[in-house]
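J.: Kindly return the folded structure for what I paste below:
(chains A and B)
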Amino acid sequence: MGPNRPMSPPRASAAPSALPGSGYRACAIMAVPCAGMEAALAGPGELVCERGRNRKAVLCQRCGSRVLLPGAATFARRELFLPSMKKKTALVAGSDPDGDVLQEHWFVDDMFSFENIGFTKNVGNIKFLICADCEVGPIGWHCLDDKRSFYVALNRVSHE
Amino acid sequence: MDEDVLTTLKILIIGESGVGKSSLLLRFTDDTFDPELAATIGVDFKVKTISVDGNKAKLAIWDTAGQERFRTLTPSYYRGAQGVILVYDVTRRDTFIKLDNWLNELETYCTRNDIVKMLVGNKIDKENREVDRNEGLKFARKHSMLFIEASAKTCDGVQCAFEELVEKIIQTPGLWEIESQNRGVMLSNHKEGYGGGACGGYCSML
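T.: Numbers count the residues shown, from 1 in each chain, chains lettered A, B, ... in the order given. As a prediction, this is how the structure comes out:
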């Protein structure tokens, strides 16, 4: 069983037409960026500007490493499962994952939009994002089936 | 937001197991940190932004993350790299001797002949040194590499190493300009560089 197991069912209502196929195992949860843009209106106002972008710089909670400059990312809502930051063994494929389904993310479509970010090796077809400077994480999520989406969970970073 | 980014570069870190390649990439370390993540799933690569002469460069830095133990580094790992950091441990002479093998592998697989190389003698904070600074310097000079001694533990020289390497790449005509068209090329899909020549044409650096 793949590491995507604990994810909740796809919110197909987001954009069914964008799904490569309903039986697509790879990304259990699909969403399209435009769905996130619409949701930006409902995003946390102190963090999201009127254009749906991050007002503040996004930093590592642990070491303060700069992950995203202000305005570099778009607010997006999407249900993504991220293994716990505390138990690093939660990342090992096949182990019982301990973690959270997170809804609010910063979205970018180019990995070079990040100031500093680390990518884990593949867990199934997912690469988790970690801090480049202290390797704490996962702070975000990237699916190899969509090379133009990278998500960083608001709950797993700090803002300055 | 990215207007001032000059270029994106692919940098490799190679060397024997245990010489501290991965920790060279950690700007922030503390003893309370459990490095289990790296040991379990492994870090594939990192994007880092570095400022050189007022220009920002984005680096995609690839670390072998233990694969070197099994000699499974593939040609795609090397493909398209503009810079390479060769690391040895100053307290283990065997890791210094193996540098020749790494240079051979680099010549075999890398796709351009003007890749910029930097030699890093690591762990200078430890007492039982087996390779002195002059030996490292001499080897680097012989192979036209930049040279630095470092300690990832104290972060001595590490930032400096990356900056010097990037500076050198930027000063090497033809090495990086075309790559700026390759933004977003993901996970080892870098295009072949110039005609697949071996890394024979060392330019003089030291």
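
J.: Just give me the longest helix of chain B.
T.: Using DSSP state H, we find that the single longest helix of chain B is helix B:158-170.

J.: And the contacts of that one?
T.: By C-beta atoms under 8 Å, 6 or more residues apart in numbering or on different chains, the residues outside helix B:158-170 that reach it are B:6-7, B:9, B:11, B:24, B:27, B:48, B:50, B:52-53, B:55, B:57, B:59, B:82-83, B:85, B:116, B:118, B:120, B:146, B:148, B:150, B:152, B:175-176, B:205. No exception for glycine: its C-beta is placed from N, CA and C like everyone else's.

J.: Please give the element, helix or strand, for residue B:108.
T.: Element membership for residue B:108 (DSSP states H and E) is helix B:99-109.

J.: Pick out the least confidently modelled helix or strand of chain B, by mean pLDDT.
T.: Ranking every helix and strand in chain B by mean pLDDT, DSSP states H and E puts helix B:36-40 at the bottom, with a mean of 52.

J.: Which is the succeeding secondary structure element to it?
T.: Where DSSP H and E defines the elements, the next helix or strand beyond helix B:36-40 is strand B:43-52.

J.: who touches the helix or strand that comes right after that next one?
T.: Counting by DSSP H and E, the next helix or strand C-terminal to strand B:43-52 is strand B:55-63. The contact list for strand B:55-63 (C-beta under 8 Å, 6+ apart) reads A:111-112, B:4-13, B:21-22, B:25, B:43-51, B:77, B:81, B:162, B:166, B:170.

J.: Report the buried members of those.
T.: Among the contacts of strand B:55-63, those buried by neighbour count (16 or more other C-beta atoms under 10 Å in any protein chain shown) are A:111-112, B:5-13, B:21-22, B:25, B:43-50, B:77, B:81, B:162, B:166, B:170.

J.: ok so, going back, what's the distance between the helix holding residue B:108 and the middle of its chain?
T.: Distance of helix B:99-109 from the chain centroid (C-alpha atoms, centre = their mean, to the nearest Å) equals 13 Å.

J.: Any stretches of the chain with poor pLDDT?
T.: Picking chain A for this. A:1-43, A:86-97 (pLDDT under 70).

J.: let's do chain B instead
T.: Applying pLDDT under 70 to chain B flags residues B:1-3, B:27-40, B:65-73, B:152-156, B:177-206.

J.: How are the helices of it distributed by residue range?
T.: With DSSP H as the criterion, chain B has helices spanning B:21-24, B:36-40, B:75-78, B:93-97, B:99-109, B:133-142, B:158-170.

J.: so what does the third one touch, helix or strand wise?
T.: It refers to helix B:75-78. Judged by 3 or more C-beta pairs under 8 Å, 6 or more residues apart in numbering or on different chains; DSSP states H and E, helix B:75-78 is in contact with helix B:99-109.

J.: my read: residue A:118 touches residue B:41, true?
T.: No: judged on C-beta atoms under 8 Å, residue A:118 makes no contact with residue B:41 at a distance of 11.3 Å.

J.: More neighbours: which of those two?
T.: Each of residue A:118 and residue B:41 has its neighbours counted (other C-beta atoms under 10 Å in any protein chain shown); residue A:118 has more, 33 against 25.

J.: contacts for the helix or strand hosting the more buried one?
T.: Assessed by DSSP H and E, residue A:118 sits inside strand A:116-120. Here strand A:116-120 makes contact (C-beta under 8 Å, 6+ apart) with A:65-67, A:91, A:111, A:127-133, A:135, A:137-138, A:140, A:142, A:150, A:152, B:37, B:41-49.

J.: interface residues of chain A facing chain B?
T.: Within reach of chain B by C-beta under 8 Å from any C-beta of the partner chain, chain A has these residues: A:62-63, A:65-66, A:69, A:71-72, A:88-89, A:91-92, A:110-123, A:127-128, A:130, A:132-137, A:144, A:147-148.

J.: Can you pick out the ones from these that are in strands?
T.: Of the residues of chain A next to chain B, the ones assigned to strands by DSSP state E are A:66, A:116, A:117, A:118, A:119, A:120, A:127, A:128, A:130.

J.: could you measure the last one against residue A:54, distance?
T.: Okay, so that is residue A:130. According to C-beta to C-beta, to the nearest Å, residue A:130 stands 19 Å off from residue A:54.

J.: Over to residue B:129: give its phi and psi.
T.: Backbone torsions for residue B:129, taken as degrees, to the nearest 10, come to phi -70, psi 140.

J.: Now for it, how many residues are close by?
T.: 16.

J.: Spatially, which residue comes closest to it, not counting chain neighbours?
T.: Of all residues not flanking residue B:129 in the chain, residue B:90 sits nearest, at 5.1 Å (C-beta to C-beta, 6 or more residues apart in numbering or on different chains).

J.: if we can go back for a sec, type out the ChimeraX command that picks the buried ones from the contacts of helix B:158-170.
T.: Buried residues within those, by 16+ other C-beta under 10 Å, are selected in ChimeraX with:
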select /B:6,7,9,11,24,27,48,50,52,57,59,82,83,85,116,118,120,146,148,150,152,175,176,205
